[in-house]
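# Please find the sequence and the predicted model below.
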Amino acid sequence: MLRKLIAGGSVAILFAMLLPSAASAQTTTSQSTNLAKQAVRENSNVPGDDFPRPALEHRNPRYELHSADVLELHFPFTPEFNQTVTVQPDGFISLLGVESVYVQGQTLPQVTALLRRTYGKILHEPEINVILKDFEKPYFIVGGQVGHPGKFDLRADTTASEAVAIAGGFTTASKHSQVYLFHRVQNGWMEAKKLNLKKMLKGGDLNEDVYLQPGDFLYVPQNAFSKFDRFIPTSTMGLYASPPLR
């Protein structure tokens, strides 16, 4: 009987000795797992519970208002405030009964929320419907040595060579091999690309014939020969007609 108690006590003592070690090992394993997860998150930029998730990008952005855009404002319950407004060059619109507000660069939902807050100062929970009646059409500009330089509507996919044709084609003073395409990438910055339309038109190389984007500016420079003065003295011309004998 004593032997059994001693044996049982030994087992109990042994179990008591092993229990803290097991708990410590479990704690260490849990800490190691958490550290591993944290390292994975930091190295792979995977958002977790403790990391802010990045904002999703809008794949189909809404139209942003520009100068000269025309808006119709409809007040279903207070029609006396119905009005048609135009975005001014400074980005503001003048409103009936309230102060002017700045709307340039905003989308229609943003403008609607802004107008509800603005008219909420004189109306109780106003209901406003904003309709875009007229806006700046997509366009491109062709300048330099073309038949009819100017601003043209971009109504369909248009390449650089097609834009030159729309603008009246090249003139005798055009430098076909160095046509410059300017594209606005952000405020104050433009991306410039040199196109060799002469090579493209002569050899059928369509790699140079890029598609224009709204607001692009295509410039055709003047060739070197056409930079000579229109009128030159006959004495100078005689040098080309009858060069001196050597």
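Sure, I can see it.

# Show me where this protein has its helices.
Here the chain has its helices, by DSSP state H, at 2-44, 108-119, 160-166, 197-203, 234-241.

# Mind listing what's buried along the fourth one?
For helix 197-203, burial by neighbour count (16 or more other C-beta atoms under 10 Å) applies to 197-198, 200. Bear in mind the C-beta positions are built from the backbone N, C-alpha and C, glycine included.

# what residues does it touch?
Contact partners of helix 197-203, identified using C-beta atoms under 8 Å, 6 or more residues apart in numbering, comprise 160-161, 164, 176-177, 179, 205-209.

# repeat that with 10 Å
Defining contact as C-beta atoms under 10 Å, 6 or more residues apart in numbering, one finds that helix 197-203 is touched by 159-161, 164, 170, 174-179, 196, 205-210, 218, 220.

# cool, and the third one?
By C-beta under 10 Å, 6+ apart, the residues outside helix 160-166 that reach it are 140-142, 144-148, 150, 152-154, 156, 158-159, 169-170, 174, 176, 179, 181, 193, 195, 197, 200-201, 206, 208-212, 216, 218, 220.

# mind listing what Ala156 touches?
Here Ala156 is in contact with 138, 162 (C-beta under 10 Å, 6+ apart).

# Could you rerun that using 7 Å?
Listed by C-beta atoms under 7 Å, 6 or more residues apart in numbering, the contact set of Ala156 is empty.

# Filter the contacts of helix 160-166 down to just the buried residues.
Buried among the contacts of helix 160-166 by 16+ other C-beta under 10 Å: 140-142, 144-146, 152, 154, 158-159, 170, 174, 176, 179, 181, 195, 197, 200, 208, 210, 212, 216, 218, 220.

# From these, which land in strands?
Within the buried ones among the contacts of helix 160-166, residues falling in strands by DSSP state E are 140-142, 144, 152, 179, 181, 195, 218, 220.

# Of all pairs in the residues you listed, which one is the farthest apart?
Spatial extent of these (C-beta to C-beta) is set by the pair Phe152 and Leu195 at 17.6 Å.

# Specify which residues of this structure, grouped into ranges, have pLDDT under the cut-off.
1-60, 186-187, 208, 225-246 (pLDDT under 70).

# dump the residue contacts of Gly144.
Counting by C-beta under 7 Å, 6+ apart, Gly144 has contacts 219-221.

# nearest to Phe81, of those?
Distances from Phe81 to those, taken by C-beta to C-beta, are shortest for Tyr219, at 47.2 Å.

# is it true that the closest one touches Gly143?
Yes. Using C-beta atoms under 7 Å, Tyr219 is in contact with Gly143, at 5.1 Å.

# Please enumerate the shared neighbours of the two.
Counting by C-beta under 7 Å, 6+ apart, no residue touches both Tyr219 and Gly143.

# picking that back up, save the ones in strands among the buried ones among the contacts of helix 160-166 as JSON lines, and put in distance to Gln88 too.
Converted to JSON lines, those look like this (distance: C-beta to C-beta, whole Å):
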{"residue": "Phe140", "distance to Gln88": "25"}
{"residue": "Ile141", "distance to Gln88": "23"}
{"residue": "Val142", "distance to Gln88": "29"}
{"residue": "Gly144", "distance to Gln88": "32"}
{"residue": "Phe152", "distance to Gln88": "26"}
{"residue": "Val179", "distance to Gln88": "36"}
{"residue": "Leu181", "distance to Gln88": "31"}
{"residue": "Leu195", "distance to Gln88": "37"}
{"residue": "Leu218", "distance to Gln88": "30"}
{"residue": "Val220", "distance to Gln88": "35"}
